[in-house]
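Novice: Got a predicted model here, sequence first, then my questions.
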Amino acid sequence: MKKVGIIMGSDSDLPIVQKAVDTLKSFGVPYEVHVYSAHRTPLEAAQFAKNAEQNGFGVLIAAAGMAAHLAGALAAQTTLPVIGIPCKSNALEGIDALLSTVQMPSGVPVATVAINGGTNAALLSIQILALSDAELSAKLKAKKASDAETVLKKDNEITKNI
Ligand code: RP5
């Protein structure tokens, strides 16, 4: 199976990235995690993205906060799908990172998830890999069914007890 590459702009983004890692682990999807910054280590970030396809990656996830150019900088170097996670920082509550990540120029797409959306970034990467992996696709369908069951149980409890 192809790997998911997770790049974070700083180790301070790790709590958000951890949610993505936990989700990938629960599906048995292989991954690699690195800290490369679009601004502090631009060459390493670009090099990683440039070589990602030949190094066995199928999707890249980029987590960054503030002026979050990491996802776009990676997308500039590869035709692999890139998923951006805008991370919340103190000053602007993550709106800065959201806009920096999502507002890509035509020709260089970044699939942007919610602010701090580590879980959804991983699920989206799994959905992409599942297009060519029937076993993974079956696991996703089972998870969706079990998530729905959980909500219906809660509905049942609330309507009985309120
Ligand atoms: C971004 O700046 C990083 O992705 C991080 O979210 C933010 C702050 O980085 P640190 O100053 O905590 O290293 O590039």
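Specialist: Yep, that arrived.

Novice: right, and the secondary structure at V4 would be what?
Specialist: Here V4 is recorded as strand under DSSP: H, G, I helix; E, B strand; the rest coil.

Novice: dump the residue contacts of it.
Specialist: 24, 29-32, 57-61, 122, 125-126, 129 (Cβ atoms under 8 Å, 6 or more residues apart in numbering). In this view, the C-beta of every residue, glycine as well, is placed from N, C-alpha and C.

Novice: cool, and T119?
Specialist: Contacts of T119 (Cβ under 8 Å, 6+ apart): 19-20, 22-23.

Novice: Distance to the ligand and pLDDT for those residues - can I get that in CSV?
Specialist: Listed next are these as CSV, based on distance: Cβ to the nearest ligand atom, whole Å; pLDDT from 0 to 100:
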residue, distance to the ligand, pLDDT
K19, 15, 98
A20, 14, 98
D22, 19, 98
T23, 20, 98
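
Novice: Would you list the buried entries among those residues?
Specialist: Using 16 or more other Cβ atoms under 10 Å as the burial test, these include 19-20, 23 as buried.

Novice: Mind checking which of those residues land in helices?
Specialist: 19-20, 23 (DSSP state H).

Novice: of all these, which comes closest to A49?
Specialist: A20 (17.3 Å; Cβ to Cβ).

Novice: wait, doesn't that closest one sit right on I61?
Specialist: Yes. Proximity of A20 to I61 meets the contact threshold set by Cβ atoms under 8 Å, at 6.0 Å.

Novice: residues shared between the contacts of these two?
Specialist: 6, 85, 121-122, 125.

Novice: quick one, what contacts the residue nearest the centre of the chain?
Specialist: With distances taken as Cα atoms, centre = their mean, the residue of the chain nearest its centroid is A121 (2.9 Å). Residues in contact with A121 (Cβ under 8 Å, 6+ apart) are 20, 61, 63, 83-85, 113.

Novice: Those residues in helices, which ones?
Specialist: Those of these lying in helices (DSSP H): A20.

Novice: I'd like the distance between E149 and D22.
Specialist: 21 Å (Cβ to Cβ, to the nearest Å).

Novice: meant to ask about E157, not that
Specialist: In terms of Cβ to Cβ, E157 sits 26 Å off from D22.

Novice: Then K143?
Specialist: Distance from K143 to D22, by Cβ to Cβ: 13 Å.
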